[in-house]
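**Q** pasting a predicted model and its sequence here:
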Amino acid sequence: MTGPQSNTVHVIGAGLAGSEAAWQVAKSGVPVVLHEMRPTRMTEAHRTDGLAELVCSNSFRSDDAANNAVGLLHAEMRRLDSLIMRAADANQVPAGGALAVDRDGFSAAVTKALNDHPLIEIARGEVAGLPPAEWSNVIVATGPLTSAPLADAIRELTDENALAFFDAIAPIVHRESIDMSVAWFQSRYDKVGPGGTGADYINCPMTKEQYDGFVAALVAGEKTEFKEWETNTPYFDGCLPIEVMAERGPETLRHGPMKPVGLTNPHDPTTKAYAIVQLRQDNKLGTLYNIVGFQTKLKYGEQQRIFRTIPGLEKAEFARLGGLHRNTFLNSPKLLDGQLRLRAQPRLRFAGQMTGCEGYVESASVGLIAGLYAAAEVRGETLASPPVTTALGSLLGHITGGHIETIEPGTRSFQPMNINFGLFPPLASAPTKKPDGSRLRGNEKTVAKKQAMSALALADLDRWIADHLRIAAAA
């Protein structure tokens, strides 16, 4: 890479956020050095040297832009030419109403696109500590597995202890080892999603006796021991280990990942299952399925023993067992400005899970806007933030100050958040009538409200793109 450092953006970390940030910077005509420590130094959760490797679920969740906030975020990112969404769409596998991907194909597509871009240089090796002073425009997107030297340097610079929680990985099963004389294919309520048929999940039914025994085994099973410094680290509720959910009450799982609704067992259609375990396709070939919602910190031997008590999985062969890793994020409302720059050292901009968003798509979207901010800064411009009525704008609002402040000294309420309509500003006028003039009733009002918020978001984003990004691109 040639040219002055002031005209080059350095992106540290080539996960989803870093890869998206590098793509957006380069697409804006600005040179990028993308730093990735793997394979020189691996992490507890990664297994390859591929960029944008998915280490937990392969699902990007709902793709319904009209009724679901994460589906809306998908649509907004596609309008902004997101590399992550482009690769996801090209490598999707059936998953009911969700957008799930072949994880190897997805990573390969992102890696190739970044390798092939003439303005992107990929530098393999760890950035140990704060970036060199001559790097004047840096995006730190090292995610939940930030290496200790860099994390310690950031903590020292901000004089702020980073918060942390545990994120757990679900096991993956070989499809051919699942007993389909017991299990069956069906999506809840036969819902058809992107690339799907309405029969995209493998379902394993349980009787009450089987379920009670399973929950008891989860609670009693031997778990991974915490290190001393990890013992008080809280979990993020959106990704609780299955055994932690079980400890919260015997019926918790039946109202969570094992809910039996919207499904009929064709092997015994007149008998209603007490609980159902679902598995979702994990690769394009359909040879691997991950157990939905079964992220775990059980020891490997316990996982095999307990999960093989699930009807249909008695002879399950595991391509990967579940695991646990520590997730670190900043107290972003205090430490970052509205353009995601570190107040203590504005040359450093942060993106992805480190900022306090949660989820693949959310992390990538924050990388996207961080890349646009950084590219505009190189051009001597200030890019206006996306409207707060959009999914991207509302997520940024949460990160930079949308949480509820606590009043007790020494406490902080900021926690990671998935995108949801609760982060959006309320509509000036909520819909009350259907197109035929009749009044909305009950759940119809909620559906109509979400659809109105989604329509407003996309219209406002289109205006923002026309008003700001077109001008920036011309410059």
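**A** Arrived safely.
**Q** how about the top helix by length along the chain: buried residues?
**A** Secondary structure of the chain per DSSP state H: the longest helix is helix 443-464. Neighbour-count burial for helix 443-464, counted by 16 or more other Cβ atoms under 10 Å, picks out Ala448, Lys449, Lys450, Met453, Ser454, Leu456, Ala457, Leu458, Asp460, Leu461, Trp464. Quick note: C-beta positions are derived from backbone N, CA and C, even for glycine.
**Q** out of those residues, the closest to Asn58 would be?
**A** Set against Asn58, the nearest of the buried residues of helix 443-464 by Cβ to Cβ is Ser454 (24.9 Å).
**Q** how about the contacts made by the closest one?
**A** Ala65, Ala66, Asn67, Leu72 (Cβ atoms under 8 Å, 6 or more residues apart in numbering).
**Q** go again using 7 Å as the cut-off
**A** By Cβ atoms under 7 Å, 6 or more residues apart in numbering, the contact set of Ser454 is Ala65, Ala66, Leu72.
**Q** read off the pLDDT value for the nearest residue in space to the first one that is not next to it in sequence.
**A** Of all residues not flanking Ala65 in the chain, Ala75 sits nearest, at 3.9 Å (Cβ to Cβ, 6 or more residues apart in numbering). Taken from the predicted model, the pLDDT recorded for Ala75 is 98.
**Q** what's the first helix or strand after the helix or strand Asp89 falls within?
**A** Assigned by DSSP states H and E, Asp89 belongs to helix 83-90. Remark: after helix 83-90, the chain's next helix or strand is strand 92-93, criterion DSSP H and E.
**Q** how far does that next one sit from the chain's center?
**A** Relative to its chain's centre, strand 92-93 lies at 16 Å (Cα atoms, centre = their mean, to the nearest Å).
**Q** which residue ranges form the strands in the stretch 251-400 of the chain?
**A** Applying DSSP state E, counting those that start in this stretch to the stretch 251-400 of the chain gives strands spanning 275-281, 288-291, 318-320, 323-329, 341-342, 345-350.
**Q** can you list those strands in CSV and add distance to His468?
**A** CSV is the format used below for the strands of the stretch 251-400 of the chain (distance: least, Cβ to Cβ, whole Å):
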stretch, distance to His468
strand 275-281, 38
strand 288-291, 39
strand 318-320, 43
strand 323-329, 28
strand 341-342, 18
strand 345-350, 18
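**Q** now mean pLDDT and mean neighbour count too, for the ones you listed, in a markdown table please.
**A** Putting the strands of the stretch 251-400 of the chain into a markdown table (pLDDT from 0 to 100; neighbours: other Cβ atoms under 10 Å) gives the following:
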| stretch | mean pLDDT | mean neighbour count |
| --- | --- | --- |
| strand 275-281 | 95 | 25 |
| strand 288-291 | 92 | 25 |
| strand 318-320 | 89 | 16 |
| strand 323-329 | 77 | 20 |
| strand 341-342 | 96 | 21 |
| strand 345-350 | 97 | 20 |
